[in-house]
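Undergrad: Here is the input, now give the coordinates:
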Amino acid sequence: MPHDPLAILLESLDLTGLDDDRFEGRSAESTRPRAFGGELLAQALVAAARTTEERICHSLHATFLLPGDPAQPIQYRVRRVRDGRRFAQRQVTAWQRGREILLATASFTMATGETAEHQHEPMPEVTGPDGLRSELEHRHDTADQIRDEDRGWLLTPRAVEVRQVSPVPIVDPPPADPEAQTWLRAIGRLPDDHNLHCAVLAYASDMTLLDIACYPHGVSWIDPRVEQASLAHAMWFHRPFRCDEWLLYAQAAPVQAGGRAFVRGSVFTQAGALVASVAQEGLSRFRQGE
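TA: Below is the predicted model:
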């Protein structure tokens with residue numbers, strides 16, 4: 001196995017074909033307590049893309065059914081729902097130990113020369129990524145305050161670097177508004193494959209999104225009193241982009257109620273083009289009596 005985090009992620013996305021519509025993948029982040037949702041999203045997208053020809057992904061919708069074991073292989077089964085002249089839809093299910101852990105649908109389209117377009121949502125005016133410290137550097141500042149069982153996976157370098165414009169401490173954070181402006185970029189050059197860039201962005205989109213639901217309460221998402229897990233995740237890819245160039249991920253958690261949080265994000269290039277939109281519902285609650 002390579003030791004470079006990006007090489008490990010790309011290897012995990014190079015799914016093994018079992019037959020025309022079944023694939024097997026392994027987790028890049030195998031030391032986590034449960035399989036990382038962003039990696040399941042990325043692998044499901046790759047599996048679906050393997051069954052289309054010369055089409056690019058424009059949307060992905062997934063429901064997380066059960067937690068996965070990052071130490072065990074995951075099988076992806078693709079159902080070819082429709083192959084139209086313009087669009088193709090695929091349903092993907094992820095299985096582990098005989099249990100279905102993810103249900104996803106992905107839609108693909110042909111690249112067109114369509115010129116009619118507009119963008120009503122402007123890119124937020126924030127500090128650029130240059131000069132900002134990475135999230136990993138901030139975590140190392142408080143490494144001695146992180147629980148022993150979490151220190152290993154929380155301090156391991158990842159394939160996508162994250163730089164927060166206004167960092168919120170991972171240990172003993174003060175209350176803050178439930179929003180974040182996050183710069184992200186793969187730590188190395190990626191192949192010129194649009195669907196692969198979509199998959200890497202899908203992976204990255206789950207790295208920070210649900211965490212911000214904890215901000216108003218002045219408690220960290222790694223606090224043992226907090227219970228969080230992704231329930232459903234949706235993405236729309238509007239324009240071509242590169243995930244090995246800086247992207248701004250503007251995120252907000254408009255509501256938390258009934259033990260669940262709704263969070264959403266918009267992804268912009270440095271030039272201000274809106275290239276993707278994200279929405280997620282997640283379990284987000286505090287355990288009673290703790």
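Undergrad: Count the neighbours of residue 192 for me.
TA: 8 (other C-beta atoms under 10 Å). (Glycine included, C-beta is placed from N, CA and C.)
Undergrad: who touches the residue lying closest to residue 172 once chain neighbours are set aside in this structure?
TA: With C-beta to C-beta, 6 or more residues apart in numbering as the criterion, residue 172 has its nearest non-adjacent residue at 7.3 Å, and that residue is residue 220. For residue 220, the contacting residues are 169-173, 214, 226, by C-beta atoms under 8 Å, 6 or more residues apart in numbering.
Undergrad: who wins for most neighbours among the residues you listed?
TA: Neighbour max across the contacts of residue 220 (other C-beta under 10 Å) = residue 214, 25 neighbours.
Undergrad: Residues in contact with stretch 199-207: which ones?
TA: By C-beta under 8 Å, 6+ apart, stretch 199-207 touches 9, 13, 36-39, 41-43, 45-46, 49, 60, 158-160, 162, 184, 186, 190, 230, 233, 235, 237, 241, 243, 247, 249, 265, 267, 276, 278, 280.
Undergrad: Can you lay out the contacts of residue 220 as CSV showing pLDDT, distance to residue 257 and secondary structure?
TA: Shown next, in CSV, are the contacts of residue 220 (pLDDT from 0 to 100; distance: C-beta to C-beta, whole Å; DSSP: H, G, I helix; E, B strand; the rest coil):
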residue, pLDDT, distance to residue 257, secondary structure
169, 88, 26, coil
170, 89, 25, coil
171, 89, 27, coil
172, 89, 25, coil
173, 92, 21, coil
214, 93, 15, helix
226, 89, 16, strand
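Undergrad: Just the closest of those residues to residue 153, please.
TA: residue 170 (12.7 Å; C-beta to C-beta).
Undergrad: can I assume that closest one is in contact with residue 143?
TA: No: taking contacts as C-beta atoms under 8 Å, residue 170 lies outside contact range of residue 143: 9.9 Å.
Undergrad: Let me see the ranges of the helices in the stretch 151-290 of the chain.
TA: Using DSSP state H, counting those that start in this stretch, the helices found in the stretch 151-290 of the chain span residues 194-205.
Undergrad: List just the nearest of the contacts of residue 220 to residue 197.
TA: Nearest to residue 197 among these, with distances taken as C-beta to C-beta, is residue 170, at 28.1 Å.
Undergrad: and stretch 176-191, how far apart are its ends?
TA: With C-alpha to C-alpha, to the nearest Å as the measure, stretch 176-191 spans 38 Å from end to end.
Undergrad: contacting residues around residue 74?
TA: By C-beta under 8 Å, 6+ apart, the contact set of residue 74 is 24-27, 35, 40, 43, 68, 94-96, 101.
Undergrad: Quick one: mark the members of the residues you listed that sit in strands.
TA: Counting by DSSP state E, the part of the contacts of residue 74 found in strands is 24-25, 94-96, 101.
Undergrad: Adding distance to residue 75, write the contacts of residue 220 out as a markdown table.
TA: A markdown table is the format used below for those (distance: C-beta to C-beta, whole Å):
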| residue | distance to residue 75 |
| --- | --- |
| 169 | 39 |
| 170 | 34 |
| 171 | 38 |
| 172 | 41 |
| 173 | 39 |
| 214 | 33 |
| 226 | 31 |
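Undergrad: In this model residue 244 seems to touch residue 189, though I could be wrong.
TA: Yes: using C-beta under 8 Å, residue 189 is in contact with residue 244, at 5.4 Å.
Undergrad: Residue 194 touches residue 56, doesn't it?
TA: Yes: using C-beta under 8 Å, residue 194 makes contact with residue 56 at a distance of 4.8 Å.
Undergrad: who touches both of these two?
TA: residue 240.
Undergrad: For the stretch 1-150 of the chain, which segments count as helices?
TA: 5-13, 37-49, 135-141, 148-154.
Undergrad: Reformat the ones you listed as JSON lines; add mean neighbour count.
TA: Putting those into JSON lines (neighbours: other C-beta atoms under 10 Å) gives the following:
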{"stretch": "helix 5-13", "mean neighbour count": "19"}
{"stretch": "helix 37-49", "mean neighbour count": "27"}
{"stretch": "helix 135-141", "mean neighbour count": "16"}
{"stretch": "helix 148-154", "mean neighbour count": "13"}
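Undergrad: which residues of the protein fall in strands?
TA: 16-19, 22-25, 56-64, 74-83, 87-96, 99-109, 160-164, 179-186, 226-237, 247-257, 260-269, 274-286.
Undergrad: Those strands: which one's closest to residue 147?
TA: strand 226-237 (12.6 Å).
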